[in-house]
Structure formats: C-alpha cells, structure tokens
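Asks: sequence first, then the predicted structure:
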Amino acid sequence: MTTRAPRRRPASQPIPRAVSLAASRGRSPVEIDPDKDLLDELEAKGPKRAMAVFAHPDDAEFSCGGLLALLCKRGWELTLVVTTSGNKGTKDPSVRPQQLAGEREEEQREAQRIMGANEPVFLGFPDGYVRNDDELRGLLVTWVRRLRPELVITWDGFRPGFNHTDHRETGRATYDAIFPAADDHLYHVLDKEEGLEPYRPSAMLLTGTVNPNYHVDIAPVLRTKARAGVAHVSQINGRTFEQTLAQYRERAEASKAAGEPGPYYKESFTKVIFRR
Ligand SMILES: [Zn+2]
C-alpha cells in the first residue's frame with residue numbers, strides 16, 4: 001500500500017480560524033448529487049480512493065469482485081481490509097488453522113494483485129469470532145483516517161435473515177467506525193500521534209443486500225473478476241476460470257430469459273451517501 005508522510009503543520013505557521021475548523025472536521029469537500037451516477041460523481045469531484053472492508057479472504061471477490069475490478073480499471077486506488085484471515089474455511093481435517101490462514105492471505109494478495117489494487121491489510125481476528133467492539137472499530141477508524149477513501153465498500157450488516165456472523169459484525173463495525181467515530185477527533189485520540197486527522201468518506205456501497213438501489217454493469221471486467229475469484233484456490237473445489245465465466249454467462253442468460261431489465265452482468269448494492 002501507499003504510505004504517506006504524516007500531515008503536520010509547522011508550529012510557526014498559524015492557521016486561520018476558518019481553515020482550522022475545516023481541517024478539524026476533516027471531511028472531504030465532495031458534495032454528491034444523489035440523482036447522478038455515484039461513481040461518475042465521485043470521479044468528477046474526488047481523488048478516486050476506495051477502501052473495501054470484508055470478513056474473510058474471498059468475500060470481496062465473490063461478493064463484488066466486478067465493482068472492485070472496475071474501480072481499479074477506472075484508475076482508483078483501492079485498499080482491501082480483511083478482518084480475519086479465514087482460518088476456518090476448510091473441510092479438510094488435516095489442515096491446521098495457521099497454515100490455512102497463511103494460504104488464504106496469499107490467495108487474497110494474489111486476487112488483489114490481479115485487480116490492480118494495493119496490498120491488502122489483514123486485521124487478524126479469528127475466523128468466526130469477529131465482534132463489532134471497541135477494538136475492531138478503533139482499528140477501522142485508524143485505517144479510514146490513514147487511507148482517506150471517498151468510497152467504502154462493505155457487507156450489509158443489517159440484512160435480515162441468515163448471514164455469517166463475521167459478515168454481519170464486520171459490516172456493522174465499518175458503519176459505526178465511519179459514523180460517528182472516524183470524523184470526530186475525540187474518538188480514538190491516539191491517532192493524533194500518527195498525524196492522522198478526522199475524516200468522513202463521501203459514500204458507502206453495501207453488498208449482500210436485500211433491496212439494492214445501485215447497480216454496476218460489470219461486463220467490461222468479467223474476465224478480471226473470474227481470474228481474481230479463481231485465485232482463491234482453497235475455496236473453489238477445483239473450479240476453473242472457464243467454468244466461472246460460463247457460470248456468469250448462464251446467470252446472465254437466465255435473467256434475460258426471465259425478462260429482467262439489464263445490465264445482465266451486474267452487481268447490486270445499497271448506496272449510502274453521507275451528508276456534508
Ligand atoms: Zn465470508
């Protein structure tokens with residue numbers, strides 16, 4: 001990932017009150033028009049930085065690999081934060097958790113390399129035990145302040161019905177880290193020692209959602225999504241790149257045959273825009 005120098009001002013240089021207040025709020029100046037396409041709006045007005053937060057290595061690629069590949073193709077800087085290293089994702093009784101975690105981290109790195117994203121960040125919580133608590137929220141606040149993303153992509157942690165607890169907790173922790181914590185300097189005050197300022201992204205896209213209100217046409221990146229997906233060798237039971245592509249095509253044909261509106265290769269999200 002890209003490292004940035006801490007943003008400190010020289011002590012001898014006083015800051016005018018108005019500028020100082022803007023800096024303390026730390027919000028991006030981007031004002032999003034909710035009636036226009038979100039990505040177009042963000043690209044026209046912001047620095048094209050995105051942060052994805054997921055629970056397990058493979059969540060990002062399987063749930064919204066098309067969106068992430070599209071962001072990279074359109075020149076965004078993308079950093080994925082994974083709350084666990086997926087140390088329980090196997091049915092093989094001979095595999096030790098640490099060994100599995102190491103393999104899955106490497107698969108995740110490879111998948112992100114294929115997309116053209118930054119090196120992913122692993123927070124190291126044990127698979128199945130993620131909690132939306134102070135520790136996780138604090139780490140996410142720090143990463144939001146470090147990366148200063150315009151757009152955050154995560155699980156819909158409020159989806160009703162059956163869901164993996166780690167998906168639910170990771171989604172909710174991300175929500176709670178962004179509002180109110182990351183943009184309030186009284187939360188996680190030790191971040192100041194790293195030179196980090198409060199920050200609030202402009203928007204979120206929630207995946208795994210029941211009533212999506214935002215659809216992304218992923219046709220231009222279908223092959224990249226499939227290649228990144230099959231990088232998760234330990235999770236796909238030998239499925240090949242060609243089989244994955246064929247599966248996407250079957251789904252698209254089925255939705256066309258059912259008379260659903262296009263785009264036929266799409267990923268769907270709940271869009272959340274943060275008011276300034
Ligand atoms: Zn998962």
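Replies: Sure, I can see it.

Asks: ok now do the closest residue to the ion within the stretch 51-200 of the chain, which residues does it touch?
Replies: Residue nearest to the ion within the stretch 51-200 of the chain (CB to the ion): residue 56, separated by 3.6 Å. Every C-beta, even on glycine, is put in place using the N, C-alpha and C of the backbone. Residue 56 makes contact with 82, 84, 86, 89, 104, 127, 166 under the criterion CB atoms under 8 Å, 6 or more residues apart in numbering.

Asks: so which residues of the stretch 1-150 of the chain form strands?
Replies: Assigned by DSSP state E, counting those that start in this stretch, the stretch 1-150 of the chain shows strands spanning 49-54, 77-84, 121-125.

Asks: the stretch 1-150 of the chain: helices as residue ranges?
Replies: Secondary structure of the stretch 1-150 of the chain by DSSP state H, counting those that start in this stretch: the helices cover 17-25, 38-45, 59-73, 97-115, 134-147.

Asks: quick check: which of those is buried the most?
Replies: helix 59-73 (a mean of 25; mean count of other CB atoms under 10 Å).

Asks: quick one on the thing from earlier: adding pLDDT and distance to the ion as columns, could you present the contacts of residue 56 in JSON lines?
Replies: Shown next, in JSON lines, are the contacts of residue 56 (pLDDT from 0 to 100; distance: CB to the ion, whole Å):
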{"residue": "82", "pLDDT": "98", "distance to the ion": "10"}
{"residue": "84", "pLDDT": "97", "distance to the ion": "8"}
{"residue": "86", "pLDDT": "92", "distance to the ion": "7"}
{"residue": "89", "pLDDT": "82", "distance to the ion": "8"}
{"residue": "104", "pLDDT": "97", "distance to the ion": "11"}
{"residue": "127", "pLDDT": "96", "distance to the ion": "9"}
{"residue": "166", "pLDDT": "98", "distance to the ion": "6"}
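
Asks: just the closest of these to residue 254, please.
Replies: residue 89 (28.1 Å; CB to CB).

Asks: same list (the contacts of residue 56) but as JSON lines, adding distance to residue 233.
Replies: Output for the contacts of residue 56, formatted as JSON lines (distance: CB to CB, whole Å):
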{"residue": "82", "distance to residue 233": "17"}
{"residue": "84", "distance to residue 233": "18"}
{"residue": "86", "distance to residue 233": "13"}
{"residue": "89", "distance to residue 233": "12"}
{"residue": "104", "distance to residue 233": "10"}
{"residue": "127", "distance to residue 233": "18"}
{"residue": "166", "distance to residue 233": "21"}
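
Asks: roughly how far apart are the residue of the stretch 51-200 of the chain closest to the ion and residue 269?
Replies: Distance from residue 56 to residue 269, counting by CB to CB, to the nearest Å: 19 Å.

Asks: repeat for residue 51
Replies: From residue 51 over to residue 269 (counting by CB to CB), the distance is 15 Å.

Asks: cool, residue 243 as well?
Replies: Taking CB to CB, one finds residue 243 at 26 Å from residue 269.

Asks: when the two are compared, which one has more neighbours?
Replies: residue 269 (22 against 12; other CB atoms under 10 Å).

Asks: residue 190: how many residues sit nearby?
Replies: 9.

Asks: next up, phi/psi of it, please.
Replies: Residue 190 adopts backbone torsions of phi -70, psi -20, taken as degrees, to the nearest 10.

Asks: for this protein, which residues are neighbours of the ion?
Replies: Contact residues, the chain versus the ion (CB under 5 Å from the ion): 55, 56, 59.

Asks: again, 8 Å this time
Replies: 54, 55, 56, 58, 59, 62, 86, 89, 164, 166, 167 (CB under 8 Å from the ion).

Asks: can I assume the fifth one is in contact with residue 155?
Replies: Yes. With the criterion set as CB atoms under 8 Å, residue 59 and residue 155 qualify as a contacting pair; they are 7.3 Å apart.

Asks: who's in contact with stretch 247-265?
Replies: Applying CB under 8 Å, 6+ apart, the contact partners of stretch 247-265 are 66, 215, 217, 218, 219, 222, 225, 226.

Asks: burial count for residue 247?
Replies: Neighbours of residue 247 using other CB under 10 Å come to 13.

Asks: just to revisit the earlier point, would you mind writing the PyMOL command to select the buried ones in the contacts of residue 56?
Replies: Buried members of the contacts of residue 56, defined by 16 or more other CB atoms under 10 Å, are picked up in PyMOL with:
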select buried, resi 82+84+86+89+104+127+166
